[in-house]
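> pasting a predicted model and its sequence here:
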Amino acid sequence: MKLIAFVGYPLSGKSTAAKIARELDIPVVVMGDIVREEVKKRGLELTDENAGKIANELREKEGMDAIANRCIPRIREAAKKSGIVVVDGIRGIAEVDCFKRAFGDDFILIGVESSLEKRFERGKRRGREDDVSSLEELKLRDQREESWGLKEALERSDIVIENETDLETFKEKVEAILKEFSKLVEVEIRTKIYPTEDEEKVMQAVKNFFPDAEFKIVEKNGEKELIAKAKDISYFRDLLRKQRILDTARQEMLKNVFGNEITIFLNKQTATVSRVNFSDGDVVLSPLAVTFRLYGIDAQRFIDYLAPPTKDGKPIKEIELFE
């Protein structure tokens with residue numbers, strides 16, 4: 001597994017980076033949740049002052065890596081479901097050292113840099129109850145976190161992202177880095193929609209294979225194209241087994257590997273009744289062009305997972321996608 005941690009001054013964009021990770025279905029462990037849970041457990045109001053006091057107390061009693069240590073069981077649990085986990089909220093060098101000891105070279109530290117003014121603007125827009133209310137208060141919070149070794153932690157960053165412009169630019173930077181280290185499958189489905197076809201039925205045909213698909217329809221030169229995105233391949237994988245077409249599926253995928261992408265063509269009409277039927281890409285009635293985009297996963301391993309070799313119609317060996 002890979003453990004990716006974001007480090008930066010308050011309101012620099014660490015929580016946004018964690019949100020982007022969640023959108024990619026990457027599990028996130030938030031270090032600040034440890035402190036917030038402790039504040040509520042003691043019946044205190046959740047304010048920046050109370051959160052700071054509790055964080056300091058935990059570090060005084062359990063060491064400067066107290067919060068990181070408390071996060072490790074949560075990280076290991078999250079790792080059981082994914083090849084990558086993101087941790088949000090490193091505040092000091094002791095926490096960096098703690099994760100480095102626990103996860104070794106699988107721990108990647110990403111620094112997020114942003115100016116004081118930009119950070120204060122974000123705090124005002126976010127409006128969380130424990131956020132700062134003035135520039136002076138933000139400076140004091142910076143000083144408090146520097147006392148925990150924040151500067152030293154930032155200096156140890158393996159990668160640094162600047163967050164000074166718009167959200168979309170920042171999102172692109174974070175996504176690119178997370179995908180580079182991820183073990184992730186993205187599915188894209190494309191098909192033309194002819195005037196004689198019902199859009200809703202075409203969408204349902206896609207959902208019959210990939211239930212989590214999200215759609216958009218693009219119109220150009222009077223022609224409509226449906227573009228769907230999905231991440232869950234488990235239902236499609238089960239269909240290949242139930243319909244006993246693993247050998248056919250394997251052959252189709254093996255001959256259509258292009259770098260980190262595998263593209264197959266499925267009959268749109270049989271898809272309306274959840275039947276997997278492979279097709280050519282240039283048939284008159286536009287098939288479903290399904291592209292599996294792989295990040296951190298070997299194409300051969302992916303094919304072995306989705307459609308393994310068989311004997312007497314049954315898989316010789318089933319494997320897990322993530323080692």
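Received the coordinates, thanks.

> what number of residues lie near the nearest residue to Phe103 once chain neighbours are set aside?
Spatially, and ignoring its direct neighbours in sequence, Phe103 is nearest to Leu3 (4.8 Å; Cβ to Cβ, 6 or more residues apart in numbering). C-beta here means a position set from N, CA and C on the backbone, and glycine is covered the same way. Leu3: 24 surrounding residues under other Cβ atoms under 10 Å.

> what strand or helix carries Leu3?
strand 2-8 (DSSP states H and E).

> elements contacting that strand?
Strand 2-8 sits against helix 14-23, strand 84-90, helix 93-103, strand 107-113, helix 150-155, helix 167-181, with contacts defined as 3 or more Cβ pairs under 8 Å, 6 or more residues apart in numbering; DSSP states H and E.

> can you list the strands that whatever helix or strand comes next after the longest one pairs with?
Toward the C-terminal end, the helix or strand that comes next after helix 167-181 (DSSP H and E) is strand 184-193. Taking DSSP bridges as the criterion, strand 184-193 forms sheet pairs with strand 223-230 (antiparallel), strand 288-295 (antiparallel).

> could you give me the buried positions within stretch 182-202?
182-191, 193, 197, 202 (16 or more other Cβ atoms under 10 Å).

> how about those residues in CSV, adding distance to Asp212?
Shown next, in CSV, are those (distance: Cβ to Cβ, whole Å):
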residue, distance to Asp212
Ser182, 18
Lys183, 18
Leu184, 14
Val185, 12
Glu186, 12
Val187, 9
Glu188, 13
Ile189, 12
Arg190, 17
Thr191, 18
Ile193, 21
Glu197, 22
Val202, 17
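
> buried ones in stretch 66-77?
Buried-residue list, stretch 66-77, by 16+ other Cβ under 10 Å: 66-72, 74-75.

> should've said stretch 80-98
In stretch 80-98, counting by 16+ other Cβ under 10 Å, buried: 82-98.

> dump it to CSV, restricted to CA.
Taking Å, rounded to 0.1, in the frame of the first residue of the first chain, the C-alpha atoms of stretch 80-98 are listed here in CSV:
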residue,chain,number,x,y,z
LYS,A,80,-7.5,-3.4,3.7
LYS,A,81,-10.0,-1.9,1.1
SER,A,82,-7.5,-0.1,-1.1
GLY,A,83,-4.0,0.1,-2.4
ILE,A,84,-3.7,3.7,-1.2
VAL,A,85,-4.7,5.7,1.9
VAL,A,86,-4.5,9.5,2.3
VAL,A,87,-3.9,11.1,5.7
ASP,A,88,-4.8,14.7,6.2
GLY,A,89,-3.5,17.0,8.9
ILE,A,90,0.2,16.4,9.7
ARG,A,91,1.3,19.2,11.9
GLY,A,92,4.9,18.4,12.8
ILE,A,93,8.1,16.6,12.2
ALA,A,94,7.5,14.0,14.9
GLU,A,95,4.4,12.9,13.0
VAL,A,96,6.4,12.6,9.8
ASP,A,97,8.9,10.4,11.6
CYS,A,98,6.2,8.3,13.1
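
> what mean pLDDT does that stretch get?
Per-residue pLDDT over stretch 80-98 has a mean of 87.

> before we move on, what about stretch 148-155?
For stretch 148-155, the mean confidence score works out to 90.

> so what touches that stretch?
7-9, 59, 64, 90-96, 109, 111, 113, 142 (Cβ atoms under 8 Å, 6 or more residues apart in numbering).

> find the residue closest to Arg293 in space, skipping its chain neighbours.
Nearest to Arg293 is Glu186, by Cβ to Cβ, 6+ apart, at 4.4 Å.

> residue contacts, Ala18?
6, 28, 30, 86, 88.

> could you rerun that using 6 Å?
28, 86, 88 (Cβ atoms under 6 Å, 6 or more residues apart in numbering).

> thanks again, I'm all set now.
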